[in-house]
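# Sharing a model prediction with you, sequence too.
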Amino acid sequence: MAIDPNFEENRELEGREHGVDVWGPTEPPEQLGIRGVHVAVDFDICLSDGACLEDCPVDVFEWVDTPGHPESEIKANPTHEEQCIDCMLCVDVCPVDAIDVDPGRTDRF
Ligand code: SF4
């Protein structure tokens, strides 16, 4: 299952963590929701492949620890999403379609 590109309509904004918005539902440590706005990562799909960290030309992503999550114990957090240049490389390389980038989703910055 890929990230829902309409998460802003379909999910509730629960707060912020690691510098980005958190879209629920969440029930840590097993369920962590979607993180970010312009660059959004579904933490419940991310399996810490790392291609997005390696390929992003402007270093948007940072690892964060997520001990106890069933998919992986680290996640690619879009910490510096305001730097995104919309190249879509991360979207293309993610093996589980956990990332959605939408140039129109910038209203929170
Ligand atoms: S779209 Fe490009 S610049 Fe933006 S986060 Fe993904 S890889 Fe980085």
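Everything's here; your move.

# Kindly provide the distance from the residue lying farthest from the centre of the chain to the ligand.
Distance from the C-alpha centroid of the chain, by CA atoms, centre = their mean, peaks at residue 68 (17.8 Å). As for residue 68, its distance to the ligand is 26 Å (criterion: CB to the nearest ligand atom, to the nearest Å). All C-beta atoms are positioned from the backbone trio N, CA, C, and that covers glycine.

# That residue - that's part of a strand, no?
No - assessed by DSSP: H, G, I helix; E, B strand; the rest coil, residue 68 does not belong to a strand; its assignment is coil.

# Once you drop chain neighbours, what's closest to it?
Leaving aside its chain neighbours, residue 68 sits nearest to residue 29 (3.2 Å; criterion: CB to CB, 6 or more residues apart in numbering).

# pretty sure the one you found contacts residue 71?
No - in this structure residue 29 lies outside contact range of residue 71 using CB atoms under 8 Å: 11.1 Å.
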